[in-house]
Every structure is written in structure tokens, then in C-alpha cells.
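> Build me a model from this:
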Amino acid sequence: MRISALGLAFASLPAVFAANYDVTVAPGGELVFSPEYVQAAIGDTVTFTFNPKNHTVTQSTFDQPCKLNPEGFNTNFVPVDVGATDLPYRVLTVNHTNPIWFYCQQQKPEPHCAKGMVFAINPPPEGDPRSFSAFKALAMSSATPSSSAVDNWSTPPPQTWYTATATVSNAGSTWVTTYTSYEGTTQPTFAPQPVDHKIVVGVDGQLAFGPANISAAIGDTVTFEFHPKNHGVVQSSFSQPCQPLQESTGVVGFNSGLMPVSADATEFPTFRITINDTAPIWGYCPQTQPMSHCGAGMVFSINAVESGPNNFANFQELAKRMNGSPTSSGGNSAPSGGSSDNTNDNNGAISSLSHSSMSVVGLISLTLVFFA
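Numbering: from 1, shown residues only. Now for the predicted structure:
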């Protein structure tokens with residue numbers, strides 16, 4: 001019994017002796033981390049306390065100081081009001097002793113990383129070619145004319161919807177329908193032969209949909225095929241790329257939930273929607289670990305109007321700039337354009353979602369593949 005107690009005492013030693021390092025993000029409004037680096041052991045923690053205005057702690061690499069490491073630590077943007085007394089914080093646990101490099105992703109009014117707002121855990125000593133001072137100098141040298149040029153991109157205006165009337169024919173029947181439309185969208189016509197469009201979620205191991213921007217006719221289906229590691233498909237709106245449609249507009253949109261897929265999988269789960277009208281459909285991956293996939297640009301569109309400002313490129317850019325966080329201003333939205341029936345063989349529950357003013361019944365099949 002005495003030996004067991006002694007073993008238990010020694011087992012708890014790492015937790016007892018683990019250290020915490022406090023790092024202040026933008027103290028006094030300066031574009032710096034304080035301190036700029038720490039030397040930490042396995043099991044130690046680093047607590048980042050955020051000051052006004054809006055900063056991140058984002059892991060990068062030594063060779064690319066101001067570029068996000070998709071597999072690394074990322075707090076995303078943490079906005080803090082001027083005068084705030086209850087400052088937010090994020091905690092990182094050190095799990096190895098290799099150098100870890102970080103920067104602030106904020107680009108407004110100028111790139112913070114290029115101003116030297118970088119941080120490191122366990123950097124090599126000064127004099128080493130990969131020391132902290134070398135890392136910081138490399139970050140500041142990234143302020144090339146192309147990267148420091150004035151950013152002329154501006155947030156596109158919300159989509160403006162209006163009521164339209166059209167004559168629709170299908171299967172020998174013709175009728176007049178009134179529906180909600182958006183300038184530039186195609187007429188609501190059925191496909192002569194419905195087509196199933198395949199979109200790979202996590203294509204080639206990237207944080208991307210493949211393809212990410214497609215056109216589909218009424219009656220067509222879109223099948224999302226999930227690849228490793230763990231992604232999902234959630235309908236959103238143009239103005240709020242990384243927020244579920246229901247939260248931003250009150251309209252219920254489709255949502256596959258997260259779909260974990262093992263790296264050695266040979267069969268892949270799928271999620272299918274049926275196109276009910278030709279209005280643009282916007283969506284994203286809701287995964288936020290270890291970083292926001294939507295904030296990294298993992299979004300898609302169906303029937304985007306490429307000739308106007310509400311096109312796919314601007315939608316993706318808006319997602320990246322919001323970095324996976326919704327804004328306080330909601331976007332305008334029409335009926336969702338797609339419908340889904342989600343069938344889960346686990347419990348037999350079925351939920352039917354239909355949002356077409358044309359009352360086109362859509363079907364969806366959700367195939368789950370379980371791995372031992």
C-alpha cells in the first residue's frame with residue numbers, strides 16, 4: 001500500500017511542477033507579444049491574454065512566419081473593446097520541446113505580422129540562424145510592396161431579393177409560379193434529365209471542396225462525399241459565410257453534421273440535396289479544430305451569379321476575412337433553394353426540410369459509414 005501511494009505521488013509530479021507562462025497580446029496597444037518568446041517544458045501552459053483591439057495567436061512556421069500552419073494552434077480573431085477590464089484569454093499546452101512559431105493574423109490597417117508582431121516557444125538561442133530574432137526579421141521582411149499595398153477589396157453588398165413570375169414546364173405539365181429571385185439568376189427550368197453533381201469534401205486532403213463552385217438545374221441533385229479527416233456541410237448566407245443559415249436569417253438550411261472519416265477509408269459517407277430553384281446556395285465546413293475550416297476558405301456555392309459582386313470569389317474572401325466568425329449584421333436571404341431528407345439508420349429519425357416556394361419536393365440520402 002505504501003508503494004502504491006508513493007507511485008501515485010510521483011505520477012502527479014508533472015502536473016504539480018508544470019509551469020504557466022503569461023503572455024500579453026498587444027500590451028498598451030503596441031503590436032507586440034510580451035514577452036516575445038518563452039522556454040517551456042512538456043506539460044507547461046502558455047496563457048495568452050488579449051488586449052484591445054482585435055488580434056490572433058496563430059501558429060506558422062519559421063520559413064513562412066506570416067502564413068497560417070493549417071495543422072497548428074489558432075485562436076482565431078479575439079475582438080476586445082477599448083476600455084474593457086475583463087480581458088479574454090486562451091491557453092496552449094506545450095506537448096513537445098521543438099520550436100513553435102506564431103504571429104498575429106490581423107491585416108488592418110496594416111499587416112501586424114510584418115510589423116513584427118510574432119511570438120515563439122522554445123526558439124534556438126541567439127546566434128543560431130533560426131533564432132527568434134532571425135524569425136522576427138524574416139516576418140518583417142515579408143512587408144514587400146505587393147503584400148503591403150493598399151487593400152482595395154471591400155465587402156460586397158447584401159443580396160437583394162425580389163418576387164418574380166415564370167411559366168414552368170415539366171413532365172408534360174405547364175404552370176405559372178411566383179418565386180423569390182435574385183438579379184442574374186437563371187430562369188426556373190427543370191433539367192431534361194436530372195444530373196447528380198458530386199462535390200468532394202476535403203478533396204486531396206485539403207481544406208477545400210472539389211469543385212467548390214457549380215451550377216445546377218431544378219431537379220438536379222448534389223452529392224457531398226466526405227473524405228478524411230472530419231468535415232461537414234452547412235448551408236449559410238452570402239453575408240454570413242461561416243454561420244448557419246437559420247442563425248443569420250431565420251430560414252432553416254441543410255446541415256450534414258460533422259462526418260469523421262478514417263485516413264485508410266475506402267468507402268466514404270455522403271450527403272445529398274435536391275435543387276428546388278435556381279437561387280444561389282452558399283455553404284461551408286463547420287469544423288473549428290484545430291482551426292476554423294471556413295475561415296481558411298473551405299466554402300462552396302451552387303448557382304452563384306458570377307457576373308455580379310455576390311460571386312464565389314467574394315464569398316470565399318469574405319469567409320477568410322471574417323475568419324470563421326459571424327458579424328453582428330445579418331445578411332438578406334431568400335428561401336434556401338435546396339431541400340433535404342436526412343435519414344439516420346442509427347435511430348430511424350427522419351427530418352424533412354423544404355424551402356422552395358415552388359413546392360418542389362426534394363429528397364436527400366445520408367449514408368453513414370461506421371468504422372471499427
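
> residues in contact with the residue most central in space within the chain?
Among the residues of the chain, C294 comes closest to the average C-alpha position under Cα atoms, centre = their mean, at 1.5 Å. Applying Cβ atoms under 8 Å, 6 or more residues apart in numbering to C294 gives the contacts P241, C242, Y284, C285, P286, A319, G324. Using the backbone N, CA and C atoms, a C-beta is placed for each residue, glycine as well.

> Is the nearest residue to F33 once chain neighbours are set aside part of a helix or strand, or is it coil?
Taking Cβ to Cβ, 6 or more residues apart in numbering as the measure, F33 lies nearest to F119, with 4.0 Å between them; neighbours along the chain are not counted. Secondary structure state of F119, per DSSP: H, G, I helix; E, B strand; the rest coil, is strand.

> any idea where the helices of the stretch 1-150 of the chain begin and end?
2-11, 13-17, 132-140 (DSSP state H, counting those that start in this stretch).

> For the shortest one, what does the pLDDT average out to?
The one in question is helix 13-17. The pLDDT scores in helix 13-17 average 55.

> mind checking how far P156 is from S307?
P156 sits 13 Å away from S307 when distances are taken as Cβ to Cβ, to the nearest Å.

> More neighbours: which of those two?
Neighbours were counted for P156 and for S307 using other Cβ atoms under 10 Å; P156 has more, 16 against 9.

> May I see the domains of the protein written out as residue ranges?
Per automatic domain parsing, the domain ranges recorded for the chain read 17-140, 161-367.

> Out of those domains, name the one with the poorest average pLDDT.
Out of those, domain 161-367 stands lowest, with a mean of 76 (criterion: mean pLDDT).

> neighbouring strands for the strand or helix carrying V200, and are they parallel or not?
Applying DSSP states H and E as the criterion places V200 in strand 196-201. Take DSSP bridges as the rule and strand 196-201 pairs in its sheet with strand 209-210 (antiparallel), strand 221-226 (parallel).

> Please convert these to TSV, extending it with distance to P280 and mean neighbour count.
As requested, the strands paired with strand 196-201 are exported to TSV (distance: least, Cβ to Cβ, whole Å; neighbours: other Cβ atoms under 10 Å):
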stretch	distance to P280	mean neighbour count
strand 209-210	15	20
strand 221-226	13	22
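
> how about the ones you listed in a markdown table, adding distance to I273?
Formatted as a markdown table, the entries for the strands paired with strand 196-201 read as follows, by distance: least, Cβ to Cβ, whole Å:
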| stretch | distance to I273 |
| --- | --- |
| strand 209-210 | 13 |
| strand 221-226 | 5 |
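
> N20: which of those is closest?
For N20, the closest of the strands paired with strand 196-201 is strand 221-226, at 38.4 Å, according to Cβ to Cβ.

> The closest residue to N230 other than its chain neighbours: neighbour count?
By the measure of Cβ to Cβ, 6+ apart, the closest residue to N230 outside its immediate chain neighbours is P260, 4.4 Å from it. Summarising burial for P260: neighbours were counted as other Cβ under 10 Å, giving 15.

> wait, isn't P260 in contact with G232?
No - if you go by Cβ atoms under 8 Å, P260 and G232 don't touch, sitting 9.9 Å apart.

> Spell out which residues are contacts of both of these two.
With Cβ under 8 Å, 6+ apart applied, the contact sets of P260 and G232 do not overlap.

> can you map out the strands along the stretch 251-372 of the chain?
259-260, 270-275, 281-284, 299-302, 338-343, 350-353, 366-367 (DSSP state E, counting those that start in this stretch).

> Packing partners of the fourth one?
Pointing back at strand 299-302 there. In terms of contacts (3 or more Cβ pairs under 8 Å, 6 or more residues apart in numbering; DSSP states H and E), strand 299-302 is packed against strand 213-214, strand 281-284, helix 312-322.

> Mean neighbour count and distance to D196 added to these, as CSV?
Conversion of the helices and strands packed on strand 299-302 to CSV gives the following (neighbours: other Cβ atoms under 10 Å; distance: least, Cβ to Cβ, whole Å):
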stretch, mean neighbour count, distance to D196
strand 213-214, 18, 11
strand 281-284, 29, 16
helix 312-322, 20, 21
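
> Could you point out which of these sits nearest Q105?
Distance to Q105, taken as Cβ to Cβ, is lowest for helix 312-322 among these, at 9.9 Å.

> Give me the helices and strands touching the closest one, please.
Looks like helix 312-322 contacts strand 299-302 (3+ Cβ pairs under 8 Å, 6+ apart).

> Only the buried residues of the strand it packs on, if you could.
Residues V299, F300, S301, I302 are the ones in strand 299-302 that count as buried (16 or more other Cβ atoms under 10 Å).

> Quickly name whichever of the residues you listed is closest to N276.
Of all the buried residues of strand 299-302, the one with the least separation from N276 (Cβ to Cβ) is I302, at 11.2 Å.

> Tell me which residues of stretch 57-64 come out buried.
V57, T58, Q59, S60, F62.

> Hmm, the second one is touching Y103, no?
Yes - T58 sits in contact with Y103 when judged by Cβ under 8 Å, with a separation of 5.8 Å.
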